[in-house]
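Asker: Coordinates only, no sequence provided:
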């Protein structure tokens, strides 16, 4: 199978990185507990008047580069490839691309190596990418086309409302096997 | 139609940029005339012992940012969108991604604006991208899948051996119309 893996919230721990960046920058304002996140876009979980503060955290140089891997994610990505799947990294950059885009490349290079850098597909419209499965924490992936892939929802507090196959890096073996094309 | 436009050698004038970069860096060595290019990879058109010099030109900071647009390319890209086509920029970065990747974003931003930045698909395997037409100067585009798009070859000295529909920014209206899905 062609398995497309999203980065933020799936391979890379955006939530903990955000809490760390927010706390360093705004120590007088407690960050939202990641378990209390309810919207896919983190800006929608903070008060409107803090929107610029939220953006300042993830627009900062080094934010994406310094995200920690999600526990188990790197081993699972390598294991999927070892099982013979065609694993691709399928990620949507911020519109504010300056740091985000090159740091996504640096992150994959540092954590998974050049063979996976070669497998990156960077696009804001994932419906234009061919694949059998897309593992993504975004509950509502839209674009120009009806997707060709099956969406496996990567379990996060902010996507609990979505039905359909869900996985974590503890359950991926069973979920991916079940997601095989029928 | 979904029309995928390659960057180097299609929207951006890689050849003139290379000659300029080479001449600035190695004034004592005359560059190859772009009309005498015969291989898609420019390294293959220079003697083996100059391979590192060739790479030094296009690995340099600013090389991709400073490429001039191909004459007519920007107007044609906007005109394709105005005709109602879903125009996407589909580009393969160098393995040496550090300057190449962010500068490709800067280039599209500077020359076509944020709406086209939003339409970028950056991948080393274009066969995984869905589309009706791919306009690309690479005569031999391979990858994991049989392409879904029809390849329209963008006319360059180094791809004269390929049959099939060819275009330039002087002939695109007729060629693209003929390339519509049957």
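Answerer: Ah, there it is. Note that the structure is a prediction, hence the values are computed from the model and not measured.
Asker: ok, residues contacting the helix or strand containing residue A:90?
Answerer: Taking DSSP states H and E as the definition, one finds residue A:90 inside strand A:86-91. Contacts with strand A:86-91, where a contact means C-beta atoms under 8 Å, 6 or more residues apart in numbering or on different chains, come from A:1-8, A:11, A:77, A:80-81, A:104, A:108, A:112, A:116, A:119-123, A:126, A:129, A:131, A:134, A:136, B:125, B:128, B:144. C-beta here means a position set from N, CA and C on the backbone, and glycine is covered the same way.
Asker: Can you flag which of these belong to helices?
Answerer: Within those, membership in helices is found for A:77, A:80, A:81, A:104, A:108, A:112, A:116, as judged by DSSP state H.
Asker: quick one: residue A:154 and residue A:170 touch, right?
Answerer: No: contact between residue A:154 and residue A:170 fails when scored by C-beta atoms under 8 Å: they sit 11.6 Å apart.
Asker: Give me the more crowded residue out of the two.
Answerer: Here residue A:154 and residue A:170 are set side by side on neighbour count (other C-beta atoms under 10 Å in any protein chain shown), and the busier one is residue A:154, at 25 against 11.
Asker: who touches that one in this structure?
Answerer: Counting by C-beta under 8 Å, 6+ apart, residue A:154 touches A:6, A:9, A:10, A:135, A:136, A:137, A:166, A:167, A:168.
Asker: Apply 6 Å and report the result again.
Answerer: Residue A:154 makes contact with A:10, A:135, A:137 under the criterion C-beta atoms under 6 Å, 6 or more residues apart in numbering or on different chains.
Asker: Up against chain B, what does chain A have?
Answerer: Among all residues of chain A, those adjacent to chain B (criterion: C-beta under 6 Å from any C-beta of the partner chain) are A:86, A:97, A:101-102, A:105, A:118, A:121-124, A:128-130, A:144.
Asker: Kindly write the PyMOL command that selects the buried subset of the residues you listed.
Answerer: Here is the PyMOL command that selects only those of those that count as buried (16 or more other C-beta atoms under 10 Å in any protein chain shown):
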select buried, chain A and resi 86+97+101+102+105+118+121+122+123+124+128+129+130
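Asker: could I get the residues of chain A next to chain B as JSON lines with distance to residue B:57?
Answerer: JSON lines is the format used below for those (distance: C-beta to C-beta, whole Å):
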{"residue": "A:86", "distance to residue B:57": "33"}
{"residue": "A:97", "distance to residue B:57": "25"}
{"residue": "A:101", "distance to residue B:57": "23"}
{"residue": "A:102", "distance to residue B:57": "20"}
{"residue": "A:105", "distance to residue B:57": "21"}
{"residue": "A:118", "distance to residue B:57": "22"}
{"residue": "A:121", "distance to residue B:57": "27"}
{"residue": "A:122", "distance to residue B:57": "25"}
{"residue": "A:123", "distance to residue B:57": "28"}
{"residue": "A:124", "distance to residue B:57": "31"}
{"residue": "A:128", "distance to residue B:57": "32"}
{"residue": "A:129", "distance to residue B:57": "32"}
{"residue": "A:130", "distance to residue B:57": "34"}
{"residue": "A:144", "distance to residue B:57": "36"}
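Asker: Filter the residues of chain A next to chain B down to just the ones in strands.
Answerer: Among the residues of chain A next to chain B, the members falling in strands (DSSP state E) are A:86, A:121, A:122, A:123.
Asker: what's the closest of these to residue B:40?
Answerer: Closest to residue B:40 out of those is residue A:121 (21.5 Å), distances taken as C-beta to C-beta.
Asker: Nearest residue to that closest one in space, please, no chain neighbours.
Answerer: By the measure of C-beta to C-beta, 6 or more residues apart in numbering or on different chains, the closest residue to residue A:121 outside its immediate chain neighbours is residue B:123, 4.3 Å from it.
Asker: ok so, going back, quick one: buried ones out of the contacts of strand A:86-91?
Answerer: With burial judged by 16+ other C-beta under 10 Å, the buried subset of those is A:1-8, A:11, A:77, A:80-81, A:104, A:108, A:112, A:116, A:119-123, A:126, A:129, A:131, A:134, A:136, B:125, B:128.
Asker: Thanks a lot, catch you later.
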